[in-house]
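Engineer: Sequence below, structure please.
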Amino acid sequence: MLNEFKEFIARGNVMDLAVGVIIGAAFSKIVTSVVEDLVMPIVGALTGGGFDFSNYFLPLSANVTATSLAAARQQGAVFAYGNFITVLINFLILAWIIFLMIKAVNRMRASLEKQKQAAPAAPPPEDILLLSEIRDLLKQRA
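Structural biologist: Predicted coordinates:
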């Protein structure tokens, strides 16, 4: 069973998936930072400075009186639509970046395929040419 597990782990697909998950997690942190540290401050500056989605919520119980989302969650149930908007912006930015990356990779692949098709085929080795000549001579005699 241990050998089968080693074979399973050593397959290329499993390793590719593991690398993809790790890179995806790191990439997600980058996108979160872009949204929270770059995009949202610009949106806040354009809208008068006090525009922070993360603390927008509706209290779902009467005893919630806090003004920050973290404190409100400790007091009771809240409908945290501002946090959802921030996560949605993260997702849209991540999806856009992935779209652009896939588009670039597809363009690069197409370019490489074009180069392969445009490149002249290498001439066959001399021994293959000689064998072809012998074959042709034998066909002529038959």
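
Engineer: Pull out the buried residues from the helix or strand containing residue 26.
Structural biologist: Using DSSP states H and E, residue 26 maps to helix 12-33. Buried residues in helix 12-33, defined by neighbour count with 16 or more other CB atoms under 10 Å: 31, 32. All C-beta spots, glycine's among them, are computed from the backbone N, C-alpha and C.

Engineer: what is the rounded mean pLDDT of it?
Structural biologist: Averaged across helix 12-33, pLDDT comes to 82.

Engineer: For that helix, name the packing helices and strands.
Structural biologist: helix 81-118 (3 or more CB pairs under 8 Å, 6 or more residues apart in numbering; DSSP states H and E).

Engineer: who touches the closest residue to residue 36 other than its chain neighbours in this structure?
Structural biologist: Leaving aside its sequence neighbours, residue 36 sits nearest to residue 86 (CB to CB, 6 or more residues apart in numbering; 7.3 Å). By CB atoms under 8 Å, 6 or more residues apart in numbering, the residues touching residue 86 are 35, 36, 40, 53, 54.

Engineer: Can I get those in a markdown table including neighbour count, secondary structure and distance to residue 99?
Structural biologist: As requested, the contacts of residue 86 are exported to a markdown table (neighbours: other CB atoms under 10 Å; DSSP: H, G, I helix; E, B strand; the rest coil; distance: CB to CB, whole Å):
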| residue | neighbour count | secondary structure | distance to residue 99 |
| --- | --- | --- | --- |
| 35 | 21 | helix | 17 |
| 36 | 16 | helix | 22 |
| 40 | 18 | helix | 22 |
| 53 | 21 | helix | 23 |
| 54 | 16 | helix | 26 |
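
Engineer: Next, the buried residues of the helix or strand of the chain with the lowest mean pLDDT.
Structural biologist: Lowest by mean pLDDT, DSSP states H and E among the helices and strands of the chain is helix 40-46, with a mean of 76. By neighbour count on 16+ other CB under 10 Å, the buried set for helix 40-46 is residue 40.
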